[in-house]
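Student: model this:
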Amino acid sequence: MRTKELAFAVFMLLLISSCEKDFNINTGNAGNQMAVNSLFSDGMPVVVFLTKPYGLNASTSNITAITDARMELYEDSVFKEVMHYVPSDTQNAFGSYVSNLLPQTWKTYSRTVTDPLYQTANAADQVPVPAELISSSLQQYIDTGANGLGLMTMVFKDNPSVQNYYRINVWINGNRRSVNQQGDTFYTFQNYAMYTTPVSSVNDLVRDGDFFLFSDRGFNGQEKTLQISFNTINPADFSNLTLYVELHTVSPAHYQYFQTLDLYRTTSGSAEPVFIYSNVNGGYGDFVAEHIQPIPFVIK
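Tutor: Sure, this is the predicted structure:
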């Protein structure tokens, strides 16, 4: 039987599924270590989710936030601020610690979390320098039939100074038309994650649900032409529809987390235990960085 050594908390669901709040944190022997999870990028405040872990045999799986810890944020080892807890709603059912600082590329950010009831937890990661996006184009958007398919191509220049890792996310969103029982027409904003696959050859492929990650092995320091395919949405019921293809330049820690998580998801129950990567010392979870370059295409 597989076990989860780390309380990985699936922090990426914060961005990948905006409606998801509850994280499944399972640990073999939780002890007094906190679960600390954050995915941050340059130009946006750092958001950290701090929760109590629980063991595999715990009687409850409710995720409980730690609201009164001291969380210090550092930039290149220089203290910047104490991050404060911000409730997610009026019920204070869940929340996060939010910074005033906006991270910058090529800088390393670390945070130290202390609480009287738990071990001190430390983690650090560097915001990667983004790839140089040279061109992008949408070749196909078939939106009829049961198997709608889109194709797009991007050309980007890989940074030669370091080994790089990338993630491709594809979203489609717009205002969808609906009619209520009284016959009134109204519109609601909808955002959809599209299942995405590489058409061009990539190395070290890792899947994360609808999206995928890969390394720059085979084109390090060179231009890369990447064509991807993705599912589509029929725009007939939408007043407007926009496609967003995101090129993420991610840190090695970001890649390692999803590499081990993908292995965990695809390993059979009879196999050897898979340990989810963590860069948190004295705790569980991951504190990882990325840079995002969205490429929009107006469909309607």
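Student: residue at max distance from the center of the protein?
Tutor: Centroid-distance maximum for the chain: residue 182 at 40.3 Å, with C-alpha atoms, centre = their mean.
Student: Compute the first-to-last residue distance for stretch 214-230.
Tutor: 17 Å (C-alpha to C-alpha, to the nearest Å).
Student: buried set for that stretch?
Tutor: If you call a residue buried by 16 or more other C-beta atoms under 10 Å, then stretch 214-230 has these buried ones: 214-216, 219, 224, 226, 228-230. Yep, even glycine has a C-beta here, placed from its N, CA and C like the rest.
Student: of those, closest to residue 134?
Tutor: residue 224 (9.5 Å; C-beta to C-beta).
Student: looking at the sheet around that closest one, what are its partners?
Tutor: Taking DSSP bridges, one finds residue 156 as the beta-bridge partners of residue 224.
Student: isn't it right up against residue 153?
Tutor: No - under the criterion of C-beta atoms under 8 Å, residue 224 makes no contact with residue 153, lying 10.8 Å away.
Student: Quick one: the helices in the protein, in order.
Tutor: For the chain, helices defined by DSSP state H occupy the ranges 13-16, 252-266.
Student: Just the CA coordinates for the last one, please, in PDB.
Tutor: This means helix 252-266. The C-alpha coordinates for helix 252-266 follow below in PDB (Å, rounded to 0.1, in the frame of the first residue of the first chain):
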ATOM      1  CA  PRO A 252      13.400  23.100 -10.600                       C
ATOM      2  CA  ALA A 253      11.500  22.700  -7.300                       C
ATOM      3  CA  HIS A 254       8.200  23.300  -9.100                       C
ATOM      4  CA  TYR A 255       9.100  20.700 -11.800                       C
ATOM      5  CA  GLN A 256      10.200  18.100  -9.200                       C
ATOM      6  CA  TYR A 257       7.000  18.500  -7.200                       C
ATOM      7  CA  PHE A 258       4.800  17.700 -10.200                       C
ATOM      8  CA  GLN A 259       7.200  15.000 -11.500                       C
ATOM      9  CA  THR A 260       6.800  13.000  -8.200                       C
ATOM     10  CA  LEU A 261       3.100  13.800  -8.000                       C
ATOM     11  CA  ASP A 262       2.600  12.500 -11.500                       C
ATOM     12  CA  LEU A 263       4.500   9.300 -10.600                       C
ATOM     13  CA  TYR A 264       2.400   9.000  -7.400                       C
ATOM     14  CA  ARG A 265      -0.800   9.300  -9.400                       C
ATOM     15  CA  THR A 266       0.200   6.700 -12.000                       C
END
